[in-house]
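Chemist: predicted model, plus sequence, below.
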Amino acid sequence: MNIMKLADHPEWLDQAANWFANQWGIPVEAYRDSIQMSIEQQDGVPQWYVILNDKQQIIAGAGIIENDFHDRKDLAPNLCALFVEEAYRKQNIAKKLLDFARTDMKRAGFEKLYLVTDLNDFYEKCDWTFLTTVQDDEGEPIKMYVANTL
């Protein structure tokens, strides 16, 4: 398996944007624009990452954006869109991807990353800590986690 920072691999822009859009039901243009921005500015936010299997297929991915649709704009940047294809789950792939993003963001000068989730107990296993409850863009409470960069 190969973890790729999409800013370093612009040839994957369209395929990755389509993959993220298929996983999350968000228009492909949103992902394409954000990934394109990461390619143009290389470091900082946004950033996008994918993991390829031996057949060069995307099996997992995640992004770093300023705010993942919640009311705490001061808690940034946010890890978002983490997804691992079902056939590849329970193989520590998500943790490897999370750690890769944390290391990359440390190199970019960030000390902390945040994320919002409705999952229970998953992120604790990946060395993230529950921080607080925030309101999503629809006014619903959602859990926020924090992790130091590596």
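Modeler: That came in fine, so what should we check first?

Chemist: phi first, then psi, for the closest residue to Val50 other than its chain neighbours.
Modeler: Among residues not flanking Val50 along the chain, Gly61 sits closest, at 4.3 Å (Cβ to Cβ, 6 or more residues apart in numbering). For every residue, glycine as well, the C-beta is placed using N, CA and C. Gly61 adopts backbone torsions of phi -170, psi 170, taken as degrees, to the nearest 10.

Chemist: Gly61 and Tyr31, how far apart?
Modeler: To Tyr31, Gly61 is 10 Å away according to Cβ to Cβ, to the nearest Å.

Chemist: centre of the chain to stretch 46-64, how far?
Modeler: 10 Å (Cα atoms, centre = their mean, to the nearest Å).

Chemist: these two touch, right, Ala101 and Ala60?
Modeler: No: using Cβ atoms under 8 Å as the test, Ala101 is too far from Ala60 to be in contact (11.4 Å).

Chemist: touching both of Gly61 and Tyr31, which residues are there?
Modeler: Residues within reach of Gly61 and of Tyr31 at once, by Cβ atoms under 8 Å, 6 or more residues apart in numbering, are Ala16, Phe20, Trp48, Ala81.

Chemist: ok, and the most crowded of the residues you listed?
Modeler: Trp48 (29 neighbours; other Cβ atoms under 10 Å).

Chemist: one step back: tell me who's in contact with the residue nearest to Val50.
Modeler: With contact taken as Cβ under 8 Å, 6+ apart, Gly61 is in contact with Ala16, Trp19, Phe20, Gln23, Trp48, Tyr49, Val50, Ile51, Ala81, Leu82, Phe83, Leu97.
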